[in-house]
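>>> Fold the following.
(chains A and B)
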Amino acid sequence: MNDSVNLKKTVLHAYHVSRNANMASFGGYSMPLWYETGAKAEHLAVITAAGLFDTSHMAVITISGEGAFDLLQHSFTRDLNSCVGSSQAPLSKGRCVYGLFLETDGTVIDDAIVTELGAGRYMVVVNSGMGPVVSDHLRKLATAGVSITDHSDMIGKIDLQGPRSALIIEQVLDRPDAVLDGLSYFTCRGDIFGERGSDVTLGGSIPVLLSRSGYTGEFGFELFTALADTENVWRLILEAGEPFGITVCGLASRDSLRTGAMLPLSHQDIGNWKFGQTPWSFVLPKNGRGATFTKQFVGADSLLGEPDSYTYGFAGYDPRKIPVTESSRVVDADGSEIGIILTCTTDMAIDRVGDDRQRIVSVATPAAEGRPGDFRPRGLCCGFIKTNTPCRIGDKIKLVEGRRTLNVEIREDIRPNRTARCSMQRMRSKSEERETRA
Amino acid sequence: MKEIKDLNLPDEIRYSKDHEWAKVDGDIVRVGISDYAQDALGDIVFVELPEVGAVFKAGEEFGTLESVKAVSELYLPVGGEIVAVNMELEDSPELINDNPYTGWIIEVKPGDIGEFDQLLDRHAYLELLKAE
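Numbering: from 1, shown residues only, chains lettered A, B, ... in the order given. Coordinates of the predicted model:
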């Protein structure tokens, strides 16, 4: 359990150690798995109140210059001319979009959120340790005049997630109404890269880039800060969040929350195999029914035609997991081996209800929508599998490892009643209700 | 993680190299996991218990603990017949995290109580933890 000398530390490392976090190696960093509250309480806090995560291990790249747009159009799977909302509007300033960087053979280098900071200026957030890899890849594809900067370890990142996140962030933002009004899902405000500094500040004068996004499936924000400001921002949010039940959260709850929300972990659920049919196939710029793409991009030619693998979400019937090892496998109802397990974890906020134990409800499910009055979830095993043959939603399959066999069901979705897309207005008005009651 | 000095390791019980504890109570031995093990595993969300009447040798797997981190096998520190399992763990596996010594897992009627004497006392277990 000792930190290896080779592991990097985030700017908040001393805080994690001072809080007796259970530390582990992740993506080349020494990161907290959970704190003394425990991963289950942290997972539940994000669904019912708010959680604060140090995500400074994530890598941030900026791209700017005349050819920046063309570089992203050529290297990123989303068509920046038609990727925003159901109307397929172009990416514009303050908008974010999720997609992939692929090799020519259609394998995944990494997934990313691309944000337009301004005309010809983009922020690209990739995974831990991937800053150098993705920026080298982009430099090889870039034309003259494009500037690519890897800000790995030069920027702090903090995720505030959960239904009370708006109530907490408005306590510390300097002009909360101006910043939060109309801040819809996958939009951001502020800019910590521009020369004139951020127009979003908190705590009096600290510039931040505030993005309404995250990796938990719940309502919340990702905050990007200068490294020198990160500890201050962390402390300010924690203090402001205390009356709202904020809980500091580690990577274990981040993993169980994102799995229940059907979000992939790069290099585990997508990775160095050809991107097939997956729950995340919306990242490909399909034209109409999908026989062609709306643009040409690196990897496109490999992905036209029939997929050679199929990835599905699944949920079990109790909290038991299957260890994901080289020998673990997926078996269909006839006993034929059909694939491998990518992720297997336990979403501790959900359980199956009813006499037939078919329906999944969450602690966040309203009673009117079927949450029993005495609901005390034991948690459900869930995750992702990759098969060599198509399955149908609702298919019952088995996960096998050693002597353990788990029956699970292929699911289109896992944890119900998530809040990520709830409107800002609704999430802020809860404070008025609370104040009125108080 | 708890520092070794902060671990609760009672004197009157014995420990195995696999981080189970064993306590003699009349002619049975009660078994659980140590404070070190529960702290390292994190929240325990499910316990797979053996059938009463099952017989295991010392060192054999008798069940599994499901934590947020992993699936961990439980190994019997003293061989014998399972005479009781802690049914409370079925609905409240967190009892092990709350207190791993009151949150016992099984009781075994030992075939050879000499196996208990070969387990580690508190001092020897602490030395093992310091070496890990």
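>>> Next up, identify which helix or strand the residue lying closest to A:Arg371 once chain neighbours are set aside is on.
Leaving aside its chain neighbours, A:Arg371 sits nearest to A:Thr365 (4.1 Å; criterion: Cβ to Cβ, 6 or more residues apart in numbering or on different chains). Quick note: C-beta positions are derived from backbone N, CA and C, even for glycine. Taking DSSP states H and E as the criterion, A:Thr365 maps to no regular element, lying outside all helices and strands.
>>> Would you mind naming what in the stretch 251-400 of chain A lies close to chain B?
With the criterion set to Cβ under 8 Å from any Cβ of the partner chain, the stretch 251-400 of chain A comes near chain B through A:252-253, A:256, A:318-323, A:345-346, A:348, A:378-379.
>>> Next, format those as TSV and append secondary structure and distance to B:Asn99.
What follows is these, written out as TSV (DSSP: H, G, I helix; E, B strand; the rest coil; distance: Cβ to Cβ, whole Å):
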residue	secondary structure	distance to B:Asn99
A:Ala252	helix	22
A:Ser253	helix	23
A:Ser256	helix	25
A:Asp318	coil	24
A:Pro319	coil	21
A:Arg320	coil	24
A:Lys321	coil	24
A:Ile322	coil	29
A:Pro323	coil	27
A:Thr345	strand	26
A:Thr346	strand	22
A:Met348	coil	21
A:Arg378	coil	20
A:Gly379	coil	21
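>>> and those, which are buried?
Taking 16 or more other Cβ atoms under 10 Å in any protein chain shown as the criterion, what is buried in these is A:252-253, A:256, A:318-322, A:345-346, A:348, A:378-379.
>>> out of those residues, who's nearest chain B?
Proximity of these to chain B was ranked by Cβ to the nearest Cβ; the top entry is A:Pro319 with 4.2 Å.
>>> Residue of the stretch 51-200 of chain A closest to chain B, please.
Of all residues in the stretch 51-200 of chain A, A:Gly51 sits closest to chain B, with a separation of 14.6 Å (Cβ to the nearest Cβ).
>>> so that residue bridges to which residues?
In this structure, A:Gly51 has the following beta-bridge partners (DSSP bridges): A:Gln161, A:Thr247.
>>> is it true that it touches A:Thr216?
Yes: with contacts counted by Cβ atoms under 8 Å, A:Gly51 reaches A:Thr216, the gap being 7.5 Å.
>>> As a check, name the ranges of all helices in the stretch 101-250 of chain A.
According to DSSP state H, counting those that start in this stretch, the stretch 101-250 of chain A carries its helices in the segments A:131-141, A:165-172, A:176-180, A:230-241.
>>> What strand or helix carries residue 72?
Picking chain A for this. When secondary structure is defined by DSSP H and E, A:Leu72 falls within helix A:68-75.
>>> my bad, the chain I had in mind was chain B
Assigned by DSSP H and E, B:Ser72 falls within strand B:71-75.
>>> Run through the neighbouring helices and strands of that strand.
Helices and strands in packing contact with strand B:71-75 are listed as strand B:61-67; criterion 3 or more Cβ pairs under 8 Å, 6 or more residues apart in numbering or on different chains; DSSP states H and E.
>>> In terms of secondary structure, what does the strand it packs on contact?
Judged by 3+ Cβ pairs under 8 Å, 6+ apart, the packing partners of strand B:61-67 are strand B:44-48, strand B:71-75.
>>> Of all these, which one is nearest B:Ala131?
With Cβ to Cβ as the measure, strand B:71-75 is the member of the helices and strands packed on strand B:61-67 nearest B:Ala131 (19.1 Å).
>>> can you pull the pLDDT of residue 86?
This is for chain A. In this prediction, A:Ser86 carries a pLDDT score of 88.
>>> That was the other one, I meant chain B.
At B:Asn86 the predicted local distance difference test score is 98.
>>> Likewise for B:Ala70?
With respect to pLDDT, B:Ala70 scores 87.
>>> My guess is A:Tyr215 contacts A:Ser253. True?
No: between A:Tyr215 and A:Ser253 there is no contact under Cβ under 8 Å: 10.9 Å.
>>> rewinding a little: which positions within the strand holding B:Ser72 qualify as buried?
Buried residues in strand B:71-75, counting neighbours by 16+ other Cβ under 10 Å, are found at B:71-72, B:74-75.
>>> quick one: contacts of it?
Contact with strand B:71-75 is made by A:320-323, A:404, B:16, B:18, B:20, B:33, B:41, B:59-66, B:105, as judged by Cβ atoms under 8 Å, 6 or more residues apart in numbering or on different chains.
>>> next structured bit after it?
If you walk from strand B:71-75 toward the C-terminus, the next helix or strand you reach (DSSP H and E) is strand B:80-85.
>>> Tell me the strands beside that following strand, with direction?
Each strand that strand B:80-85 pairs with, and the sense of that pairing, follows from DSSP bridges: strand B:55-56 (antiparallel), strand B:106-110 (antiparallel).
>>> That one to strand B:44-48, inter-axis angle?
Direction vectors for strand B:80-85 and strand B:44-48, defined by axes from the mean of the first three to the mean of the last three Cα atoms, to 10 degrees, enclose an angle of 120 degrees.
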